[in-house]
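turn this into a model:
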Amino acid sequence: MVARLNVLAEARRLGSAPYDSDRLRAHLAAELARFRFDHDTRRRAQRAVTLTLDLFDTLEGESLDLRWRHFEEHYWPRWVEGRERLALGDYWTWGVWALVGSRLVQPSFATLSPVRVNQWLDRLPEDDPLLAQRRLLTETLEHCRVAGPARQNAVVAGLRLLLSCGRDELVALSGEEVATLPFVKGADGLDLVLCELGVLARGPLRGGVRAHRTPRRSARELVACSGIPDCFAEPVACYLETYEARVSTSYATLRHKCSSLAHFFTYLSAEHGLTSVAEVRPQHGRGFLSWAKTTAAGRRRRSAGHTDEGESMTAYSWAIQVRTFFADLASWGSEPGSPLAAFMPAVAPLDRHDLIESGLLQAKRKTAARMTAVVLDLEREMPKLRAFALRRWHESQGPKEEGLAAHHERRRAFWDWALLELLCASGLRVEEACELTTFDLLRRELRDGRRYYLLHVKPSKFGQARFVPIGDVLGRVLAEIMREVKAFYGTDSVPFCDRRDQHEKEPLPRAPYLLQGFGHPSAIGTNTVRYRLARLSEVAGLRRADGSPLVLRPHDCRRVFASEQLNNNTPVHVIAALLGHATLDTVMVYAKLYPSSLVDGYRQAMRSLYADVYGQEARRTPSKEEWAAFSASCSLRDMGTHICALPTGEHCSRGLVCLGCGHAQPKRSALPVFKRMLASHERALVRARQEGEPAGQIAARELEVERIAGAMRRASELTEGVAEALEAV
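Residues are numbered from 1 along each chain as shown. You can find the predicted model right below:
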């Protein structure tokens, strides 16, 4: 091995030395003698080397390295296309491989992309370090459970990276050299190997995360890249720096402000020729509103399932940012010694009446009305989708099929169900869900020894942390996610991994993130969550009221959570706290769907009916002694067909929809009732299949059948509670 390394070092010096054709031919002849060829192949390879060096003799350049760059740029692309191969026939790559394999030249990654590097390496001497690195790559990938084509692609990508960087060992690669690896097949597996070997001081990352690791720009860098005219650059940069210091450091907010102001000042410079912020007047602001509506309408994006025939909110958001800019300018610029004082105009160019007259507020109202329609569609279709996802996951847990495809299908079915239920049961934003760790599951105990759990949500949109109580559904989802992650890694605990905040353009602390291990030992990104939910809704066949496809977005799950809480009579201010809303106005959008007068009227009617049946005495508040006697004599609820294990007096968040609930213990005496229910539901399921109902509706019916059959099977046992499930993992 040492002798081979010395030969390779001499070859690299020869490549950078002044070009000497005779010396190169002698060196390659000695190299070909070491290569593992049979007699006929060796003769053909020698001919290919001779013709290739004849071509290099005609190229310009003081060294072989310079002539090689010229060859890569002008000749190699034509050879790949099948043109001008110097009559080399099927051996057109052997002359190039002799130069690369002997390390006389250092090719680019793109040059090595169309060739079969593994076949090249089979001809190298047995003591060549690249062969040892190939074995190391293969063994490490097997240890990391990377199988099939993914492992082969990762090995080839690693060998190409070594040759393109001029390295003989993986541990000799630097972080900058690894960063040059393009997003090709096998790149994820190679990144996993480099992290496992300690070459990279981080955890494995997906290709999309590696490729978009753009740094966070400062306020002045944002202004310089936004296209704001130079005469307005200083006021905007000074304003953004002040806003960042006083209000918020949210990178997404700063970029949005900078982009909106760029549109405004570009309009002023092009249409009115202004050169100073102090020159802006109300007529300029009103003219911008018309220009913004026309410009935003031309840039409107229409995605599948989210067509928008009304006015766009883009122009409205631009106008709001411009109005906020001048309001902050007037407030902060009036302070003594403020650097913004020189930029203050005589009067604010925009006010609320301008937005009303321009029609932008009407667009906001129409958008709110469309969101109301979306919420109603979600309330109708979401039970079908959740039943469909749960059904697919249960079916995937049936008899195990062999093969990589079946394994991936089981994993996708689980994560589709888990991501959907996690977002619907917690009301988290997709960024907040992706940043959850096992440290965010907090256990608390009451004085009587009872335990309860809280989910700690880290600061996100408004820079404030909050807590979400973990109920039955959310607790079971979290427990199943932790079981799946530990099974994926084969560990006793959720492992630590790296994650990057794509919105703030900053790395997050290394921690045991809950959402990880979806086919790759890395954190699950927000784009993956969006894609899986959209794909799930497409497969389930969700439809809007007008018959168009309903594509589920992560934020729709927050709307479902808010709707369910309102249906359960949760106070509005509590819902706002659970969702992390800054004001109650956002929650009131959902409250409009459920008029308080309707709810109050229904409650009054029920109270009157109860009083007519049981008398006024039944409405009396029991004394402490009466309540203690009642609690002592009754620890379980008898619901007729089953016993409810929920403690007496505890609130049931499921609204006593008992079949399928972990607290429900079916009674043996109710088996005839369950049999009649099962027969009825099975007949309805057969009719639904014959009539071709949507997949989500059929899945909901199948789930009802499964719940009734499960109630019959569970006549003699109880399932574990949420606390036991969380403690078990």
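
I'd like the next helix or strand past the lengthiest helix in the chain.
Scanning the chain for the helix with the most residues, using DSSP state H, yields helix 360-396. Remark: after helix 360-396, the chain's next helix or strand is helix 404-426, criterion DSSP states H and E.

tell me the buried residues in the very next helix or strand once past that following helix?
Heading C-terminal from helix 404-426, the first helix or strand you meet, by DSSP H and E, is helix 430-434. Buried residues in helix 430-434, counted by 16 or more other Cβ atoms under 10 Å: 430-434. Yep, even glycine has a C-beta here, placed from its N, CA and C like the rest.

from Gln152, how far off is Glu234?
56 Å (Cβ to Cβ, to the nearest Å).

revised request: answer the last question for Pro204.
Counting by Cβ to Cβ - Pro204 and Gln152 are separated by 18 Å.

so which of the buried residues of helix 430-434 is the closest to Ser108?
Cys434 (35.7 Å; Cβ to Cβ).

quick check: that closest one touching Arg499?
Yes. In this structure, Cys434 is within contact of Arg499 by Cβ atoms under 8 Å, at 7.4 Å.

which neighbours do the two share?
Listed as contacting both Cys434 and Arg499 by Cβ atoms under 8 Å, 6 or more residues apart in numbering are 513, 523.

export the buried residues of helix 430-434 as CSV, with columns for pLDDT and distance to Glu381.
Listed next are those as CSV, based on pLDDT from 0 to 100; distance: Cβ to Cβ, whole Å:
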residue, pLDDT, distance to Glu381
Val430, 92, 20
Glu431, 91, 25
Glu432, 91, 24
Ala433, 93, 21
Cys434, 92, 25
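
domains of the chain?
As given by automatic domain parsing, the domain ranges for the chain are 2-203, 219-300+309-358, 390-591, 641-728.

hang on, the earlier thing: can I get the buried residues of helix 430-434 in JSON lines with distance to Leu124?
As requested, the buried residues of helix 430-434 are arranged in JSON lines below (distance: Cβ to Cβ, whole Å):
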{"residue": "Val430", "distance to Leu124": "49"}
{"residue": "Glu431", "distance to Leu124": "48"}
{"residue": "Glu432", "distance to Leu124": "52"}
{"residue": "Ala433", "distance to Leu124": "49"}
{"residue": "Cys434", "distance to Leu124": "45"}
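
tell me the one of these nearest Met712?
Ala433 (36.1 Å).

now do the contacts for the residue nearest to the spatial centre of the chain.
Geometric centre of the chain, nearest residue: Thr526, 1.7 Å, by Cα atoms, centre = their mean. Counting by Cβ under 8 Å, 6+ apart, Thr526 touches 430-431, 434, 502, 554.

over to Ala577?
Arg466.

please identify the buried residues of the helix or strand hosting it?
If you go by DSSP H and E, Ala577 is part of helix 572-579. For helix 572-579, a neighbour-count test (16+ other Cβ under 10 Å) marks 572, 575-576, 578-579 as buried.

same check on stretch 685-702?
Neighbour-count burial for stretch 685-702 [16+ other Cβ under 10 Å]: 685, 688, 693-702.

again, but for stretch 340-349
340, 343-345, 348-349.

and stretch 494-509, by the same measure?
Quick answer for stretch 494-509 (16+ other Cβ under 10 Å): 494-495, 497-502, 505, 508.

could you give the mean pLDDT of that stretch?
Taken as a whole, stretch 494-509 has a mean pLDDT of 86.

so what touches that stretch?
202-205, 209, 212-217, 250-252, 431, 434-435, 438, 482, 485-486, 489, 510-514, 516, 521-523, 525-526.

re the thing from before, list the buried residues in the longest helix of the chain.
Neighbour-count burial for helix 360-396 [16+ other Cβ under 10 Å]: 360-361, 363-364, 366-367, 374-375, 377-378, 381-393, 396.

again with stretch 443-458
For stretch 443-458, using 16+ other Cβ under 10 Å, the buried residues are 453, 455, 457.

any idea which of the residues you listed is least confident?
Lowest pLDDT within the buried residues of stretch 443-458 is found at Tyr453 (87).

name the helix or strand for it, please.
Per DSSP H and E, Tyr453 falls inside strand 451-457.

run the chain-centre distance for that strand.
24 Å (Cα atoms, centre = their mean, to the nearest Å).

what pairs with that strand, parallel or antiparallel?
strand 441-445 (antiparallel), strand 466-469 (antiparallel) (DSSP bridges).

out of these, which is closest to Glu244?
strand 466-469 (23.5 Å).

tell me the average confidence for the helix or strand just after the closest one?
Next helix or strand after strand 466-469 toward the C-terminus (DSSP H and E): helix 472-489. Averaged across helix 472-489, pLDDT comes to 90.

how about low-confidence regions in the stretch 151-300 of the chain?
208-213, 299-300 (pLDDT under 70).

run the last query once more with 80
In the predicted model of the stretch 151-300 of the chain, residues 183, 206-214, 297-300 satisfy pLDDT under 80.

quick one: the helices in it, in order.
Applying DSSP state H, counting those that start in this stretch to the stretch 151-300 of the chain gives helices spanning 175-179, 187-196, 207-211, 219-226, 230-246, 251-267, 282-298.

packing partners of the first one?
To tie it back to what came earlier, the one meant is helix 175-179. Applying 3 or more Cβ pairs under 8 Å, 6 or more residues apart in numbering; DSSP states H and E, one finds that helix 175-179 makes contact with helix 149-165.

and for stretch 691-706, what's in contact with it?
Contacts for stretch 691-706 (Cβ under 8 Å, 6+ apart): 381, 383-385, 387-388, 390-392, 394, 539-543, 659-660, 678, 681-682, 684-685, 688-689.

please redo it, this time with the cut-off set to 6 Å
Residues outside stretch 691-706 that contact it (Cβ atoms under 6 Å, 6 or more residues apart in numbering) are 384-385, 387-388, 391, 540-541, 681-682, 685, 688.
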